[in-house]
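# Next come a sequence and a model predicted from it.
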Amino acid sequence: MRSFSWVFRKTTDYRHFALLDAEHVCIAFKSCRTKPVGEHWVEVERVNLSWLGRPLPGCPRAEERVST
């Protein structure tokens, strides 16, 4: 029974963040429990490698940054 104990453990809830440069282009991703230090990290629902080098599609937080 000990071998199946991992099945019942609570999974760690990771949040996903994208790092945006000064032009609001995605340059990195990070998955962690808390928001990374720095003002250019925005939370995203999932990591999509096709976003690297491009603005985040339809991301309201990225759009908010552009307007401010």
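Great, that's in hand. Residues are numbered from 1 along each chain as shown.

# which residues of this structure fall in strands?
Listed from the start of the chain, the chain has strands (DSSP state E) covering 15-20, 26-32, 41-44.

# can you tell which of those is closest to G53?
G53 lies closest, by Cβ to Cβ, to one member of the strands of the chain: strand 26-32, at 7.0 Å. The C-beta positions use only the backbone N, C-alpha and C, and glycine is treated the same way.

# ok, and which of the strands of the chain has the densest surroundings?
A comparison of the strands of the chain by mean neighbour count, using mean count of other Cβ atoms under 10 Å, puts strand 15-20 on top with a mean of 18.

# Direction-wise, compare that one with strand 26-32 and give the angle.
When axes from the mean of the first three to the mean of the last three Cα atoms, to 10 degrees is applied, the directions of strand 15-20 and strand 26-32 differ by 160 degrees.

# quick one on the thing from earlier: now render the strands of the chain as a markdown table, adding distance to R54 and mean pLDDT.
Rendered in a markdown table, the data for these read as follows (distance: least, Cβ to Cβ, whole Å; pLDDT from 0 to 100):
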| stretch | distance to R54 | mean pLDDT |
| --- | --- | --- |
| strand 15-20 | 11 | 94 |
| strand 26-32 | 6 | 95 |
| strand 41-44 | 13 | 92 |
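
# Take the ones you listed and lay them out in a markdown table including distance to S50.
Converted to a markdown table, those look like this (distance: least, Cβ to Cβ, whole Å):
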| stretch | distance to S50 |
| --- | --- |
| strand 15-20 | 12 |
| strand 26-32 | 10 |
| strand 41-44 | 13 |
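
# Quick one: residues contacting the residue minimising distance to the centre of the chain.
In the chain, the C-alpha closest to the average C-alpha coordinate belongs to F17, at a distance of 1.9 Å (Cα atoms, centre = their mean). F17 makes contact with F29, K30, S31, C32, K35, P36, W41, V42, E43, V44 under the criterion Cβ atoms under 8 Å, 6 or more residues apart in numbering.
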